[in-house]
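*Asks:* Predicted model and sequence follow; I will ask about them next.
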Amino acid sequence: MAAFFDPEKAFDQACTENLRKNASNAALKILAFYVMVVICNLFHHLLRPWSQPRITSDLVIGLTVGNIGPIKKWIVSIPEALDSIVRFGMICYMFVLGLEMDPYILFQWPTRAAKVAYAGMLSTFILASTITPFFHFFKVPSIVRVLSLSTALSGTASPVLTRLITSQKIGKSDIGQLVIAAGMHSDFVSTLLISVGYVAFQDVSESNGSRIKQAIIQSVALFVQSVLTAIVSPFFLNWVNNENPEGKPLKGSHLVLSVAFMVLVCGCSTLSGYSPILSAFMAGIFMPREGRVSKWALGKINYFLTSIFYPIFFFWMGYEADFRTFEPGQLMTWARLGILLLIVSAGKVAGIIISGAILGFNWPESVMIGLLLTVKGHFHIFLAVVAKQTDKTLPSTSIGMILVIFFTVVHAPSVVANIIKRARKRSPTHRMALQWLDPSSELRMLLCLRGPQDVSSIINFMEISRGTADPGIMVYVTDMIELTDQIAATLVHGEMDNITVTDKAVTEMRDQITSAVQSFVEDNGDGITLRRMLALSPLSVMPRDICNLAEDLLISLIILPFHKCQRADGTFDAGHPGFRFVNRKKKISGSYVSLNIAVIFIGGKDDREALAYAGRVAWHAGVKLTVIRFLVQTNEDMSTRRASNYRYNAAEQEQEMKLDDEFFANFYEKHVAGGPVAYSEKHLANSAETFSTLKSLEGQYSLIIVGRGGRVNSVLTVGMNDLEQCPELGPIGDVLSGSDFSISTSILIIQQPNLRGELDGLDEDFSIM
């Protein structure tokens, strides 16, 4: 018998088969997770043109994938595990949410944002608690459930709203800051009311005596946890922070102690039966937000939430929101959905219109603030699903709540777009260009250089640009340093995000540049205010960093050195490709300037900018400036030939020509007719004559100033870019900077900043309130 049946062998085969089956199931679930992540990311990318936040695509994908028949059958085997993962993730989410809140605002005099938030919450709460009892949202009507629903509807998902406002570039505006602050107030107060209300109004089937006893026990536990967190956590976390100064890795033992402490304070009140999710929020609001440990916890938990938890959460939401139970044929299903959407929108808008009228807001802005504060998020989705799981609401009601949350989010980008549109009509566009700069105001320049070889150019440029002592110029001499691994290893991080470079070669170079420039300013710098700056970043992002620096400093003119260096024989070397990339993004200068200067004016915004700068240079006593205007021959034969060969927008051409003529007439009257500037005209027929005229200027001037481009199909430059060696210089600048041009002439190419920026020419800190 033993020859036919071996119990040990059969047991080993069964164990092997079970292990293989479990490993296969685990691999399949991991694969499903990654597929969910890829689908969410792909759909979010598809929705980017409509500026939709991440939660929109996650909601759509979660509801779609979670309701696919085969997937629902497959997931039946792990509903408890999936539910446990979601609840753990929500504990982390609520802890981070509480950590970002400030509980002490409740004891301060309400700010304008707080008044707006409280007005919107109060009106929504009153409207919800008045209407919802008539629509039977719950299987068993209860005042506790009505109050819970009303409180949830009156809240705002501040993480979703803040991310939406900042991604749409209005976070620095007055209305953006107000919305973010009001959203934080609304989210904090509503979640706090739900957390406290969980103790006072538990919906359990017990006698009144048992319910009161349980509430007292939980209240004491929650109070002890809050006091323990508020008193002990600052001392403990400050000790850990002091033991782990900035610049050194956090010690593993201290990290373990910190995590254990956070788990301890989050779990104190759960021993009394209090909700672990709400307990994490209550612990988070009393923990200090500053310090390395808190920032480390925020970073790690947020990474876990975005990369792992959210795909699982929305899949769980879609699985629980079974569309087969939605009952679309029932009129009451759509009535509940519509009334929820009406309460959320009308309640917020009505309250904020009233508060806005008291605070002096325009009613359109009040409406838009109210619509933005209707945004709901992950916690509200979780509450809707849990209400269905605990059999408090009908499945169709729970799904309707999720759909309402979707609608509160999906409309928000259009509201932001409308805010930007109104702001652009009402707020003046901040134009950081010389053309619109008041001549009596200070000129602020950002002079960038790569090393000591550019110092002479910088000094000469400051000399001719300074104009009169009053108002003078503010010069920010900025070293462009490529951030390499070697330099990164020498960085020392100070307070307030300050960084010090300790690399010996870099410090010596900067000291040499500072000494030379400072000596010039002390000896000859009447009217020049000097500041030293540093642009330290990889070359791929340096253009953006220079732009941000210029915007922060309100710079009107950025000057960059050419990426090539001129040899003794007049030819150029190959240059630095990285700095050429930087130059393609910014204004560009030559390597030497003198006093015999010419400016070429053909037409367009860049040429107007070049002429505006030349007007500043003209006031220098040692500068002899000549304006050379290239004009198109106007005989009938040439006009007919141009019309047949070149296409252009007649209206746009006429508008640009009008701007050119007006600007040039003002310049002529101020600097030529009544000033020391010489004037010359060149009547040309085509780009070939332009090329030959440029060549004829060889050796006549020490510096030639030209606009990079921006011309509207000028026949004088058409075709010149076919053989360009450096397209970033523009057609005229490329010809003049060629190695076959005079070695004694420097070129300054001017480009006017593009008004169509992040907000189409509108400052991010615009004000319309």
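*Replies:* The structure has been received and is ready for your questions.
*Asks:* By mean pLDDT, which helix or strand of this protein comes out lowest?
*Replies:* Within the chain, confidence by mean pLDDT, DSSP states H and E is lowest for strand 588-589 among all helices and strands, at a mean of 36.
*Asks:* Neighbours of residue 140, how many?
*Replies:* 9 (other Cβ atoms under 10 Å). Any C-beta I mention is one placed from the backbone N, CA and C, and that applies to glycine too.
*Asks:* Now for it: which residues touch it?
*Replies:* Contact analysis of residue 140 by Cβ atoms under 8 Å, 6 or more residues apart in numbering lists residue 392.
*Asks:* Just say helix, strand or coil for it.
*Replies:* Secondary structure, DSSP: H, G, I helix; E, B strand; the rest coil: residue 140 is coil.
*Asks:* per-residue pLDDT, it?
*Replies:* Each residue has a pLDDT score; the one for residue 140 is 81.
*Asks:* Tell me how far it lies from residue 211.
*Replies:* 16 Å (Cβ to Cβ, to the nearest Å).
*Asks:* Can you verify residue 444 is assigned to a strand?
*Replies:* Yes: Residue 444 forms part of a strand when assessed by three-state DSSP.
*Asks:* these two touch, right, it and residue 471?
*Replies:* No: contact between residue 444 and residue 471 fails when scored by Cβ atoms under 8 Å: they sit 10.5 Å apart.
*Asks:* more crowded one of these two?
*Replies:* Between residue 444 and residue 471, counted using other Cβ under 10 Å, residue 444 has the larger neighbour count: 19 against 14.
*Asks:* is that one in a bridge, and if so with what?
*Replies:* Judged by DSSP bridges, the bridge partners of residue 444 are residue 474.
*Asks:* ditto for the one 4 residues further on
*Replies:* With DSSP bridges applied, the residues forming beta bridges to residue 448 are residue 478.
*Asks:* Contact partners for it?
*Replies:* So residue 448 contacts 478-480, 535, 546, 558-561, 586 (Cβ under 8 Å, 6+ apart).
*Asks:* any idea how far it is from residue 517?
*Replies:* 13 Å.
*Asks:* tell me how far the ends of stretch 671-681 are from each other?
*Replies:* Start and end residues of stretch 671-681 are separated by 16 Å (Cα to Cα, to the nearest Å).
*Asks:* quick one: that stretch to chain centroid distance?
*Replies:* 47 Å (Cα atoms, centre = their mean, to the nearest Å).
*Asks:* go on, stretch 261-273?
*Replies:* 36 Å.
*Asks:* returning to what we had before: next helix or strand past the least confident helix or strand of the chain?
*Replies:* Using DSSP states H and E, the helix or strand that follows strand 588-589 in sequence is strand 596-601.
*Asks:* picking that back up, nearest to residue 250 among the contacts of residue 448?
*Replies:* residue 535 (30.4 Å; Cβ to Cβ).
*Asks:* What is the burial count for the closest one?
*Replies:* 19.
*Asks:* With residue 414 instead?
*Replies:* 12.
*Asks:* Likewise for residue 249?
*Replies:* So residue 249, with other Cβ under 10 Å, has 7 neighbours.
*Asks:* show me the residues around residue 596 that make contact.
*Replies:* Residue 596 neighbours (Cβ under 8 Å, 6+ apart): 624, 700-703.
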